[in-house]
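Trainee: Requesting a structural model of the entry that follows:
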Amino acid sequence: MTTETQPREFDLNMHTARLLMDEPFFAAVSRRIDKRASYAIPTAGVLVNPDSAQFEMLYNPDFFAKMTDDERRDVLKHEFYHVVFLHVTDRMPEGVNRKLWNIAADLAINSHLYNLPEGGCIPGTKPFENLPRGKSAEWYLANMPDFGKGENGGQSGNNSNGEGGSGQGSENPADGDSEASGGVPDTLDDHSGWGNCSQDVKDMAKERLKEIIRKSAEEASKTSGWGTVPQNCREKIMKVLKTKIDWKKVLRYFVKTSQRADKMSSMKRINRRYPYVHAGRKTNRVAKIAISVDQSGSVDNEMLAKFFAELNKLADIAEFTVIPFDTRVDESLVYTWKKGESRQWERVMCGGTCFDAPTKYVNEHKFDGHIVLTDMCAPKPKASKCQRMWMTTEQWARSHFATKEKVIVID
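Mentor: Numbers count the residues shown, from 1 in each chain. Okay, the predicted model is just below:
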């Protein structure tokens, strides 16, 4: 008796390291981006998870199973280019047709890729045969071919201010499916997840992206270089490290996500934004957030004043436990900053600095989030049992100990 075996679903995670063996930079980026199989999209796409502010790549196993290794490699690079070029996290230019912007972004990326599967928007090929390679997304948008009118009479050319579709698989009427049936071609990958999170989430994702780029560039420089990434692309990618993110927005996002840190996954409740891709959520209680304030003399008064001014605003949505510390934590000085209260900063201790002291206190009291305001001038502390974020000035941010935790500059 013989039994038929079903073909195994293509698992991209099992092939990524091999596919990117000769691409050190993209290999390093890939290790920092989750890849999830999904039949909800026809091809592939990148997005920011609205719950974690982490970058994710969704891919259709059937789409990848049919491609050659060279095609798979270029699709991976295409998606990672979207991330490092800020297409996922930056706002689309004002007054621009969304679908045309999607195409322009793809044309800029695909100028550097030569093994994409059929269906990609590539300069020099129909209907873009008159467009040269190597231009920016803004240039391609300004020089887009005139695609004429769609079947529903909607203008599809580059003079439209309407909202175009978001690539393949977009089922949201707000994405402009009336134009999808016209002469405007679809992009190879799915861009519909680019706008599905708040600007606060995108700002936090940008901060994480800076760390991804920094570490990936360092890894690439220590090996055989950047692979096929051309010099002009390297310069554009490294410019991301110079972008400034509003620290107040990042702080607010951290507080909000700490409040949600106690949510539990639930397969009974369907996630409305990504049904059957991400689990649903249910809330159990309000999170506890610890604020450890370095009392050493090197933490200046201006830094304390700015930080407390922002906490006064956040006190409208959360309750904090403030933990003054130097080389120790004096529990008699720890206090609860109740929701809705207004507080003034004050210096109540004056000594050296030891990060193990507040970390030990927070670990023992089971907090959900821990923010440390400090000049970073002390050895690396013990591990935290909850998510921890460091806030400091630009002067001290450059010389802190090595950590994977978020370090935010108060400017």
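Trainee: Could I get the CA-only coordinates of stretch 188-197 as PDB?
Mentor: Output of stretch 188-197 as PDB, limited to C-alpha atoms (Å, rounded to 0.1, in the frame of the first residue of the first chain):
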ATOM      1  CA  LEU A 188       4.800  43.100  -7.800                       C
ATOM      2  CA  ASP A 189       4.600  43.100  -4.000                       C
ATOM      3  CA  ASP A 190       1.900  44.200  -1.600                       C
ATOM      4  CA  HIS A 191       2.100  47.800  -0.100                       C
ATOM      5  CA  SER A 192      -1.300  47.800   1.700                       C
ATOM      6  CA  GLY A 193       0.300  47.400   5.100                       C
ATOM      7  CA  TRP A 194       2.300  50.600   4.900                       C
ATOM      8  CA  GLY A 195      -0.400  52.900   6.400                       C
ATOM      9  CA  ASN A 196      -1.800  50.500   9.000                       C
ATOM     10  CA  CYS A 197      -0.300  52.100  12.100                       C
END
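Trainee: Helices of the stretch 251-400 of the chain, start to end?
Mentor: Applying DSSP state H, counting those that start in this stretch to the stretch 251-400 of the chain gives helices spanning 301-314, 356-365, 394-397.
Trainee: what does the stretch 101-250 of the chain give?
Mentor: Using DSSP H, counting those that start in this stretch, helices in the stretch 101-250 of the chain cover 137-142, 177-180, 199-222, 231-239, 247-259.
Trainee: for the fourth one, packing partners?
Mentor: What it means is helix 231-239. helix 199-222 (3 or more C-beta pairs under 8 Å, 6 or more residues apart in numbering; DSSP states H and E). For every residue, glycine as well, the C-beta is placed using N, CA and C.
Trainee: what angle separates the helix it packs on from helix 231-239?
Mentor: Between the axes of helix 199-222 and helix 231-239, defined by axes from the mean of the first three to the mean of the last three C-alpha atoms, to 10 degrees, the angle is 130 degrees.
Trainee: Residues contacting helix 199-222, please?
Mentor: Residues from elsewhere that reach helix 199-222 (C-beta atoms under 8 Å, 6 or more residues apart in numbering): 24-25, 28-29, 32-33, 48, 50, 53-55, 83-84, 86, 88-91, 197, 226-227, 237-238, 240-241, 243, 245-246, 249-250, 252-254, 256, 404, 406, 408.
Trainee: Give the buried residues for that helix.
Mentor: For helix 199-222, burial by neighbour count (16 or more other C-beta atoms under 10 Å) applies to 200-209, 212-213, 216-217, 220.
Trainee: Would you list the buried entries among the contacts of helix 199-222?
Mentor: Neighbour counting over the contacts of helix 199-222 (16+ other C-beta under 10 Å) leaves 24-25, 28-29, 32-33, 48, 50, 53-55, 83-84, 86, 88-89, 197, 226-227, 237, 240, 245, 249-250, 252-254, 256, 406, 408 as the buried ones.
Trainee: which ones among the contacts of helix 199-222 are found in strands?
Mentor: 48, 55, 406, 408 (DSSP state E).
Trainee: what's the nearest residue to the third one if we skip its chain neighbours?
Mentor: If you skip the residues right next to it in sequence, Lys406 has Met389 as its closest partner in space, 4.6 Å away by C-beta to C-beta, 6 or more residues apart in numbering.
Trainee: Identify the bridge partners of the one you found.
Mentor: Counting by DSSP bridges, Met389 forms beta bridges with Ile371, Lys406.
Trainee: which regions of the chain lie under the pLDDT threshold?
Mentor: Residues of the chain meeting the criterion pLDDT under 70: 1-7, 148-182, 244-246, 259-287, 398-399, 411.
Trainee: Can you pull the domain assignment for it?
Mentor: Following automatic domain parsing, one finds the domains of the chain at 12-241, 247-409.
Trainee: need the contact list for Val407.
Mentor: Contact analysis of Val407 by C-beta under 8 Å, 6+ apart lists 376, 389-392, 397, 400.
Trainee: Redo those residues as CSV? Include neighbour count and distance to Glu310.
Mentor: Listed next are these as CSV, based on neighbours: other C-beta atoms under 10 Å; distance: C-beta to C-beta, whole Å:
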residue, neighbour count, distance to Glu310
Met376, 24, 19
Met389, 20, 13
Trp390, 22, 15
Met391, 26, 10
Thr392, 23, 14
Ala397, 16, 17
His400, 16, 21
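Trainee: and which of those residues is nearest to Phe308?
Mentor: Distance to Phe308, by C-beta to C-beta, is smallest for Met391 among the contacts of Val407, at 11.6 Å.
Trainee: hang on, that closest one packs against Lys248?
Mentor: No - with contacts counted by C-beta atoms under 8 Å, Met391 stays clear of Lys248, the gap being 10.6 Å.
Trainee: residues contacting the residue nearest to Lys406?
Mentor: With contacts defined as C-beta under 8 Å, 6+ apart, Met389 is in contact with 254, 369-372, 405-408.
Trainee: same thing with Gln387?
Mentor: Counting by C-beta under 8 Å, 6+ apart, Gln387 has contacts 254, 257-258, 261, 368-370, 405.
Trainee: What about the residues you listed, which one has the most neighbours?
Mentor: His370 (27 neighbours; other C-beta atoms under 10 Å).
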